[in-house]
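K.L.:
Okay, here's the prediction I keep looking at, along with the sequence it came from:
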Amino acid sequence: MEKIGEKSFELAVNKQEPTLVPPAEETEKGLYFLSNLDQNIAVIVRTIYCFKSAAKGNEESAEVIKNALAKVLVYYYPLAGRLTISLEGKLIVDCTGEGAVFVEAEANCSVEEIGDITKPDPVTLGKLVYDIPGAKNILEIPPLVAQVTKFKCGGFVLGLCLNHCMFDGLGAMEFVNAWGEIARGLPLNVPPFLDRSILKARNPPKIESAHDEFAEIEDISDTSKLYDEEMLYRSFCFDPEKLDQLKKTAMEDGVLEKCTTFESLSAFVWKARTKALKMQPDQKTKLLFAVDGRSRFEPPIPKGYFGNAIVLTNSLCRAGEMLENPFSFTVGLVQKAVQMVNDSYMRSAIDYFEITRARPSLAATLLITTWSRLSFHTTDFGWGDPVLSGPVALPEREVILFLSHGKERKSINVLLGLPASAMKTFEELMQI
């Protein structure tokens, strides 16, 4: 277990004036459609990639990355546009070709001195991304903002602010990897598939599932009171032995024939968090997580799909039911939530938004975000793979992050924030 955000080192970063990087060639203009799966997650995701090469210094890093950005935007031209609201009151991209925002910066230290960037730390790491000053909402923030910060040791950090409505984790990873390929003078391994209308709502819309992900749960346990306490952020590392142990425990009573690492780990933290927040037996609690729909849609989503192809699934139960039953019960709930996601469920979710414009409710809810399956660590701009990469910000209070960890990336770091008294209980429950 590690404490987060409690260090004394002060990083100083000197930023130059931001510039606009338009696509290197003329690109299509006009309005670009965003699907209903893009609408509900229009949040800014801030990530950093840390590079250091023994073979070459960082003198040309900003120039190389900037030139490659202009070229990659020819393929991904909506990223050079600006978000606006359509006549239907939904987000849409105005492909103006204005360009992405690019900032060059210098830091007062070596890369090593900023410590372990796999632990989000918004104060230190926030200096490595550029926030648009005075932006009141996402319409005032360009979809792509990049900052290259050079360090005294010859290393550098690429910090990105990307709007999640432009792509999910896999799509963002393909974009950043394509950007790196262009920087190295290579052709694109996966050219983007730009037509998001393949995920438009049916006419007329058809709701075929219950969609409890949108259900508003009453907080009868008064857990919101706990959040008046100081929030503590911690990360817990589950190495391969611990992860195997969880799977064995899930299957030891013979109820489940098989289970995945994700299912057993999600069930474990959901159950521990429910207990730590002292939920009453009749308190309903909800688990939400995203499932990649690419292979589950019929027909499957084309390779290189530029956009969100993830769908939120959910599981709902009473806290008492979860805590009284063996571990296999909670793992079974997570499994059912995964199995529920098929073409009909996903199309129904798209249509549900079309009719209701509802947002998923986070009351008495845990949202698990998994970064452990994304190969951001393969991005190469010519300085080799990143030494480290990860998100800048700490999760919201309802969110737990799973991040891959270690040399082989076989361990998973579980990162979360809880009120101080609840964190004490949660830490005890993590001892396995």
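P.N.:
Yep, it's here. Numbering: from 1, shown residues only.

K.L.:
can you pull the contacts of the nearest residue to K52 once chain neighbours are set aside?
P.N.:
Distances taken as C-beta to C-beta, 6 or more residues apart in numbering put G155 closest to K52, at 3.5 Å, once the chain neighbours are dropped. Using the backbone N, CA and C atoms, a C-beta is placed for each residue, glycine as well. G155 is in contact with 50-52, 58, 110-111, 387, counting by C-beta atoms under 8 Å, 6 or more residues apart in numbering.

K.L.:
Need the residues you listed in CSV (columns: neighbour count and pLDDT).
P.N.:
What follows is the contacts of G155, written out as CSV (neighbours: other C-beta atoms under 10 Å; pLDDT from 0 to 100):
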residue, neighbour count, pLDDT
C50, 22, 92
F51, 26, 95
K52, 20, 94
N58, 23, 96
S110, 13, 92
V111, 23, 90
V387, 17, 85
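
K.L.:
if we can go back for a sec, and the gap between the residue nearest to K52 and M173?
P.N.:
Here G155 is placed at a distance of 22 Å from M173 (C-beta to C-beta, to the nearest Å).

K.L.:
what pLDDT does the residue nearest to K52 get?
P.N.:
Listed pLDDT for G155 reads 96.

K.L.:
Helices of the stretch 51-200 of the chain, start to end?
P.N.:
Under the criterion DSSP state H, counting those that start in this stretch, the stretch 51-200 of the chain contains helices at 61-75, 122-125, 169-183.

K.L.:
scratch that, the stretch 201-350 of the chain
P.N.:
Going by DSSP H, counting those that start in this stretch, the stretch 201-350 of the chain shows helices at 223-226, 240-251, 261-276, 319-324, 327-339, 343-356.

K.L.:
Deepest in the core, which of those is it.
P.N.:
Greatest average neighbour count among these goes to helix 261-276 (a mean of 22), per mean count of other C-beta atoms under 10 Å.

K.L.:
That one - contacts with which helices or strands?
P.N.:
For helix 261-276, the elements it packs on are helix 240-251, strand 284-292, helix 319-324, helix 327-339, strand 365-370, strand 399-405, strand 411-419, helix 420-429, judged by 3 or more C-beta pairs under 8 Å, 6 or more residues apart in numbering; DSSP states H and E.

K.L.:
show me where pLDDT drops low in the chain?
P.N.:
Residue ranges of the chain with pLDDT under 70: 1-8, 117-119, 372-377, 406-408.

K.L.:
Any buried residues in stretch 79-91, and which?
P.N.:
Applying a neighbour-count criterion of 16 or more other C-beta atoms under 10 Å, one finds 79-83, 90-91 buried in stretch 79-91.

K.L.:
which ones among the residues you listed are found in strands?
P.N.:
Among these, the members falling in strands are 82-83, 91 (criterion: DSSP state E).

K.L.:
which one of the residues you listed sits closest to I141?
P.N.:
L83 (7.9 Å; C-beta to C-beta).

K.L.:
so how far is E60 from V74?
P.N.:
Counting by C-beta to C-beta, the gap from V74 to E60 is 22 Å.

K.L.:
What of F51?
P.N.:
From F51 to E60 the distance is 12 Å (C-beta to C-beta).

K.L.:
Then G320?
P.N.:
Going from G320 to E60 by C-beta to C-beta gives 61 Å.

K.L.:
now swap in L160 and tell me
P.N.:
The value you get for L160 to E60, if C-beta to C-beta is used, is 19 Å.

K.L.:
out of the two, which sits in the more crowded spot?
P.N.:
Between L160 and E60, L160 has the larger neighbour count (other C-beta atoms under 10 Å), namely 23 against 12.

K.L.:
doesn't P143 make contact with that one?
P.N.:
No - with contact defined as C-beta atoms under 8 Å, L160 does not reach P143; the gap is 10.8 Å.

K.L.:
Quickly list what's touching both of those two.
P.N.:
Shared contacts of L160 and P143, defined by C-beta under 8 Å, 6+ apart, are absent.

K.L.:
need the contact list for L316.
P.N.:
Going by C-beta under 8 Å, 6+ apart, the list of residues near L316 reads 212, 215, 217, 284-287.

K.L.:
re the thing from before, which neighbours do F51 and E60 share?
P.N.:
Shared contacts of F51 and E60 (C-beta under 8 Å, 6+ apart): none.

K.L.:
For the nearest residue to A100 once chain neighbours are set aside, list each beta-bridge partner.
P.N.:
With C-beta to C-beta, 6+ apart as the criterion, A100 has its nearest non-adjacent residue at 4.0 Å, and that residue is L144. Going by DSSP bridges, L144 is paired in beta bridges with L162.
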